[in-house]
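J.: one predicted model, sequence on top.
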Amino acid sequence: MQRDIQLAKATGCDGVVLGALHPDGRVDEARTRQLLEVAHPLSVTFHRAFDLTPDPLEALQVLIRLGLDRVLTSGQATTALEGLGCITKLVQAARGRISIMPGGGVEQGLEAILQGSGAKEVHLSARKRLPGSGRSVLEGHFGPHSVADRERIAQIKAALARL
């Protein structure tokens, strides 16, 4: 993970996403601190490993104390809409000290998630399927795959601007 972070810095990335847990699901504070030191001054997000923590409010306090910029979470549910109650509690507990970024099926309930939770940013893929050539990857051609959908992203941004 340290090498990946160093590569991200060397290639001009704005931030990195990481997540280190102990086997019992608690945030590995020592390892996360080490990774933060390597990442400085990049923006750092703790990824959805957060959703495996046994006590999300305790984990949030650890991440605030460490100085991470944001937490990507589905509120410990399959989708962010299903985890809206947890996400709302996290946003309230964070009190602006760290950003709570809902992710996981966000497009299906974007407005409800943002309005209900008070979150200021979300994570979503906004992808569309593209047809492929039907030839194999080994032959140098890809089958069906997905890419970010610029039109969908523009629609989402416009909807967010109206909130």
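T.: Yep, that arrived. Residues are numbered from 1 along each chain as shown.
J.: what residues are up against residue 160?
T.: By Cβ atoms under 8 Å, 6 or more residues apart in numbering, residue 160 lies in contact with 110, 114. For every residue, glycine as well, the C-beta is placed using N, CA and C.
J.: could you chop the chain up by domain?
T.: The chain breaks down by automatic domain parsing into domains covering 2-123, 125-163.
J.: any idea which of those domains is most buried?
T.: The highest average neighbour count among the domains of the chain, using mean count of other Cβ atoms under 10 Å, belongs to domain 2-123 at a mean of 17.
J.: identify the bridge partners of residue 102.
T.: Beta-bridge partners of residue 102, counted by DSSP bridges, are residue 73.
J.: quick check, it in contact with residue 71.
T.: No. With contact defined as Cβ atoms under 8 Å, residue 102 does not count as touching residue 71 (9.8 Å).
J.: could you name every residue contacting both of those two?
T.: Counting by Cβ under 8 Å, 6+ apart, nothing touches both residue 102 and residue 71.
J.: before we move on, the earlier item: could you dump the domains of the chain into CSV with mean pLDDT added?
T.: CSV is the format used below for those (pLDDT from 0 to 100):
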stretch, mean pLDDT
domain 2-123, 96
domain 125-163, 73
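J.: quick check: residue 122 vs residue 49, distance?
T.: Separation of residue 122 from residue 49 (Cβ to Cβ, to the nearest Å) stands at 18 Å.
J.: repeat that for residue 32.
T.: Computed as Cβ to Cβ, the residue 32 to residue 49 distance reads 10 Å.
J.: overlap in contacts of those two?
T.: Contact criterion Cβ under 8 Å, 6+ apart; residues shared by residue 32 and residue 49: residue 20.
J.: for the residue nearest the centre of the chain, what are its contacts?
T.: Nearest to the mean C-alpha position of the chain, counting by Cα atoms, centre = their mean, stands residue 72 at 3.3 Å. If you count contacts by Cβ under 8 Å, 6+ apart, residue 72 has them with 17, 45, 46, 47, 48, 50, 101, 103, 123.
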